Structures are given as structure tokens and as C-alpha cells.
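J.: this is a predicted model, with the sequence first.
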Amino acid sequence: MARLHEYQGKSLLKEAKIPVPNGGPARSPEEAKALAEEIGGAVVVKAQAWVTGRAELGAIRFVDTPAAAAAAASAILGMQIKGYLVDTVMVEGKLDIKREFYAGVIIDDQSQAPVIIFSRIGGSGIEEIAEKYPDAVVRLVIDIQRGLQDHQARDLIRQVGLHGKLQLSLGNLLTRLYGVARRYDARAAEINPIVLTPEGKLFAADCRITIDDYAVYRHPELGIEIAREFDRPPTELEIIAWQVEKNDYRGTFYFIQLERGFSPGEGMIGFHGAGGGGSMMSMDAVLNRGYKLANFVDTSGNPPASKVYRAARIILAQSGIDGYFASGSGVASQEQFHSARGLVKAFMEHPLTVPAVIRLGGNAEERAMAIMERAQGEIPAPIESYGKDDSPEFCAERLDTLIQNYRRPTMKPAGKVHPEPQDPYTFETVTNGTVILDHAACLDCETKICIDTCVPGILSLEGEVPMLNITHEQAKRGGCIECLACEIECYFEGNQGGHIILPIPGLDRV
């Protein structure tokens, strides 16, 4: 789920006519001071960070003057929370609190429907409230076709002992909150606390809204960079990886950075998994050898070679890793030679300079291992490949041995450079890649290996050169599955006339 910051969520509540305190976001002490002057009186300055317990961390401060607001913002901005810098604060008018409530709309997987929850006690987590005061919390499964009706909302408020004008006001707030959740495809939309002031007014003092991953594309106005729920802003590499995932429906590519700012020699491993259970076992095997994981990656669901290539390139962009470990579940649906070709292309183009152990258990694993072994002479660092019968523990032990006996080169070797084609024949692929076949080299190729190994069978000989037997438009729409055979097989078994350009926007800047 993609989580919104408090100030973003409050803008949606305000749009739905749910009262919020006066204020807004600030990214500098000067902006915080200006907001405090505009609000007038006492204000609260809050770090915009996806964590609980901000007050205990000194990330929520109450102040009485604009100058004090600027000082509070100065202290909070740049604060490290869970290793990430706070770059935005929320400046709001301080509320006089007579009473606090909780309201939330949650998608309940068991009910397969949205559920609205209300508590006459707010401020704490709803689970804690429900455990201590079960009679204070009520819930209702909402009919998705009819929505939350006014009388249902008022009845919920009545069930916890609230009546009169307050019952009406809170009922209206609940229906509006449901409207926000429905409009923006929220998996969760919570206000905690709803504050009742001595004057009888209600305000959303804090909120938490998360948007369904699969609905993010429908809401570009929210400016969500990545459809994942983090407890921190996404890193640059995570954003780059998400662009790969969201634009390529074939298989899974999940990337998350676990560590940043490390240097060679600190025992960080670039981890590349495939499938949940096997990946967990493989991670444990690495951790049990005393190493740490720089990242977690999962490429499963039979992804194309191009997606594995892009995943490997992003992992290798973490320049301080000491090793590369690929190991997963050995799932039956995964054709492992696709993964092998993707890894080989990445390791040759962006030269692998750390030891790697690749466990390619699954369909056609012998073929995949042969592809990896054939490429060893073209890859600077030591690399070993194994199959499903080799345990993750054994493979992690081999990686440890390779790392202990390896000396990193002082200068990074150059990647494989493809010569300028003399007679290029090109077509585009579904992920904006470009396949280049140098027909001048193809004329002298004895094996025509690209024809035999093209998985979708879209290449045929015309005379002595390979050409598409489908239209260029069909190739771009997915006819070319980016199996990388016309580059990798051509390089080792043909005349090195094939090259595939697979862009990864933004990676060169990292």
C-alpha cells in the first residue's frame, strides 16, 4: 500500500469538508515561521514521517510564537528517524481538547468489504483501545453497492452512548470519511484522534491514509512516487525499481533497500531472491554466516530475462556490497535460463567486481547453470552457479569462502562494449528496449544461433540474415518477450552481431 503523509491526507479530508486545524506543510524554518504568523497563537510543529511515537522522539513540539515555530522546525528538519532525514514538517494551530475519538475505514480481507470502525476513546492505537475498552468500539461491514448510509453512521455513534448534536456531527464525519476512502481507493483511512473542542467543534487532529497499490495509477493527482507502503520515503533506487515493475506486467520484481551509506568491507550482500519461502531461507543462510543484507529483491512468477537483468543492474548500483547472492524457491513455473541470461548480461555490461553465488533451482536449471558457467571468462569476479539440490546453507558457505579469498580490484574494469553495427536491423520491444542485429556480422555467422534459441520464435532467415517474421508493431506489443537470446547466445555461440538496449531511467544518476 502507498501511504500518504499527514499533510497530504488532511488535504483530502479538507476537500471532503472534514474540519482540520489551520496550517500546512513547511520545508524550511522560514516557511514554518510564515505559517505560524498566518495561523496566530500557539501552534504545533510535527515531523512528517511514517512512524509512531513522534512526540517521544522530539518530532512533535508545541510552541507559542512564530520565532519558536521556526526554531522547532529547524530542530526537526534534518532529524534522522529510522535512518532517514525528515524534510517536511506540518505547522498547525494548537487545539483545545475536551475529548478524543477514533474513526477508521479499513478494507477487511476476511469480510471482503470495507469496514468502518468507531471508538468513543481516541489517541491510542485502536487495537489497544479495543483490548482495554471493548464496549467503546463498534464496527460495521459496509455494503459496497449502497455505501455507508447516514442512519447507519448515526446508529454506530449511538451504540457507544453518544447522542444529540454530537451524534449527528460524528455521523456526518463518518460518512464523509467513507467518501474519501471510496473516492481515492484507500485500503485504510483513519482519523486518530478526532478532537472535540470545548466549543463543541470537531477536528481531524491526525490521520493515516494508505492507497491500494493497484489503484495508484488512477490517482496521479496524489503524486505517489511508488506504490509500496514504507515507514519512510522511498529511496532513489526504490523509485527506479518501481518504474520497472509498474511498467512491466510479466512476473514480479520487488526491490527494497535495507541499508544505505555502507562501504566495501562491511559485509553487505546484494540479495536476489525468487519466491517467498525459498528467499527467506536463503536470506537466513546469508545472515547466519555473519553477513548483512543491503537489499531484498524478488524476481518470481517467471519474469522475462530483461526484468532479471534490470533487477541485477539495480542491485549492483549499490557500490559498497561485498558479494552477490541469488537464491530462491526453485519454483516449477520459472524457466531459469531466462534468469541466467539476464544475470549474464548485467554482469558483463556493468562488470561484476564482487564474488557471486547463483542458485538457479527450477525448470531447465542445468541449461541455466551452463549459461552462467560459459560466461565466467567474461566476468571479472569469481562466480559459481548451483541448482535446487544444493542447499541455501551450502551456497551461502561458498559465497563466504569466495569473499574471504577475493581481493577487489583497485580500478573498476570497463564493461562489455558492443561495436558499432555496420548494417543494423532494429526493432523495439514492449519495455522501450531496442534490439539491434548487425546484418553485416550475421552474414558471416555460421551457427545462426539466434534463430534456434529465440524463445517466441519470431526470427526467421531471409537469405543469410535474421529478420522478424511478425510486424514491428507486434514485436513492440509483446511479440518479442526480451529473452535476450539474440544477444547472449549470439555473443558466445554466434558472431556477436546481436545487442539489446534495455533502458533503466534514472540509474545512471545514482
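T.: Arrived safely. Here the structure is a predicted model, which is why all the values come from computation and not from measurement.
J.: CA atoms for contacts and neighbours, from now on please.
T.: Will do.
J.: show residues contacting the longest helix along the chain.
T.: Using DSSP state H to define each element, the chain has its longest helix at helix 164-183. The list of residues contacting helix 164-183 from outside it, by C-alpha atoms under 8 Å, 6 or more residues apart in numbering, reads 12-13, 16-18, 103-105, 116, 147-150, 153-154, 156-158, 186-189, 200, 202.
J.: C-terminal to the helix or strand of the chain with the lowest mean pLDDT, what's the next element?
T.: In the chain, no helix or strand scores lower on mean pLDDT, DSSP states H and E than strand 84-85, which sits at a mean of 78. Remark: after strand 84-85, the chain's next helix or strand is strand 89-93, criterion DSSP states H and E.
J.: stretch 443-454: which residues count as buried?
T.: Buried positions in stretch 443-454, judged by neighbour count with 16 or more other C-alpha atoms under 10 Å: 445, 448-451, 453-454.
J.: now do the same for it: mean pLDDT, whole number.
T.: Stretch 443-454 shows a mean pLDDT of 96.
J.: low-confidence ranges in the protein?
T.: Where the chain drops to pLDDT under 70, the residues are 1, 83, 229-231, 330-333.
J.: how is it partitioned into domains?
T.: 22-93, 99-222, 236-404, 424-509 (automatic domain parsing).
J.: what's the closest of these to residue 415?
T.: In terms of C-alpha to C-alpha, the element of the domains of the chain nearest to residue 415 is domain 236-404, at 4.6 Å.
J.: one step back: in helices, which of the contacts of helix 164-183 appear?
T.: Using DSSP H, the members of these that fall in helices are 12-13, 150, 153-154, 156-158.
J.: out of these, who's nearest residue 458?
T.: Among the ones in helices among the contacts of helix 164-183, residue 12 lies closest to residue 458 (C-alpha to C-alpha), at 49.4 Å.
J.: number of nearby residues for the closest one?
T.: Neighbouring residues of residue 12 were enumerated by other C-alpha atoms under 10 Å; the total is 18.
J.: same deal with residue 507?
T.: With other C-alpha under 10 Å as criterion, residue 507 counts 15.
J.: I figured it hits residue 316, correct?
T.: No - under the criterion of C-alpha atoms under 8 Å, residue 507 is not in contact with residue 316, lying 10.6 Å apart.
J.: ok, residue 411 - contacts?
T.: Residues counted as contacts of residue 411 (C-alpha under 8 Å, 6+ apart): none.
J.: tell me the SS of it?
T.: Applying DSSP: H, G, I helix; E, B strand; the rest coil to residue 411 yields a three-state assignment of coil.
J.: quick check: it vs residue 323, distance?
T.: Using C-alpha to C-alpha, to the nearest Å, residue 411 is found at 17 Å from residue 323.
J.: ok, back up a step: other residues contacting the least confident helix or strand of the chain?
T.: For strand 84-85, with C-alpha under 8 Å, 6+ apart as the criterion, the contacting residues are 77-79, 232-233.
J.: rerun at 10 Å
T.: Contacts of strand 84-85 with the rest of the structure, by C-alpha atoms under 10 Å, 6 or more residues apart in numbering, involve 49, 76-79, 231-235, 260.
J.: that one: how far from the chain's middle?
T.: Computed by C-alpha atoms, centre = their mean, to the nearest Å, the separation of strand 84-85 from the middle of its chain amounts to 17 Å.
J.: so what strands line up beside it?
T.: Each strand that pairs with strand 84-85, with its direction, by DSSP bridges: strand 80-81 (antiparallel).
J.: still on that earlier bit, now, which of the contacts of strand 84-85 sits nearest residue 393?
T.: Proximity of the contacts of strand 84-85 to residue 393, judged by C-alpha to C-alpha, is greatest for residue 260, which lies at 25.7 Å.
J.: look up phi and psi at that closest one.
T.: phi -140, psi 160 (degrees, to the nearest 10).
J.: that one contacts residue 235, doesn't it?
T.: Yes - using C-alpha atoms under 10 Å, residue 260 and residue 235 qualify as a contacting pair, with a distance of 9.3 Å.
J.: so the residue minimising distance to the centre of the chain versus residue 315, what's the distance?
T.: Using C-alpha atoms, centre = their mean, the residue of the chain that lies closest to the mean C-alpha position is residue 228, 4.6 Å off. To residue 315, residue 228 is 18 Å away according to C-alpha to C-alpha.
J.: near residue 201, how many other residues are there?
T.: Neighbours around residue 201, by other C-alpha under 10 Å: 13.
J.: what's the spacing between the residue nearest to it when sequence neighbours are not counted and residue 464?
T.: Computed as C-alpha to C-alpha, 6 or more residues apart in numbering, the closest residue to residue 201 that is not its neighbour in sequence is residue 195, at 8.0 Å. According to C-alpha to C-alpha, residue 195 stands 78 Å off from residue 464.
J.: have a look at these two and say which one is more surrounded.
T.: Neighbours per residue, other C-alpha under 10 Å: of residue 195 and residue 464, the larger number sits with residue 195, 25 against 14.
J.: could you verify that that one is part of a helix?
T.: No - applying three-state DSSP, one finds residue 195 to be strand, outside a helix.
J.: partner residues bridging it?
T.: When bridges are taken as DSSP bridges, the partners of residue 195 come out as residue 100, residue 203.
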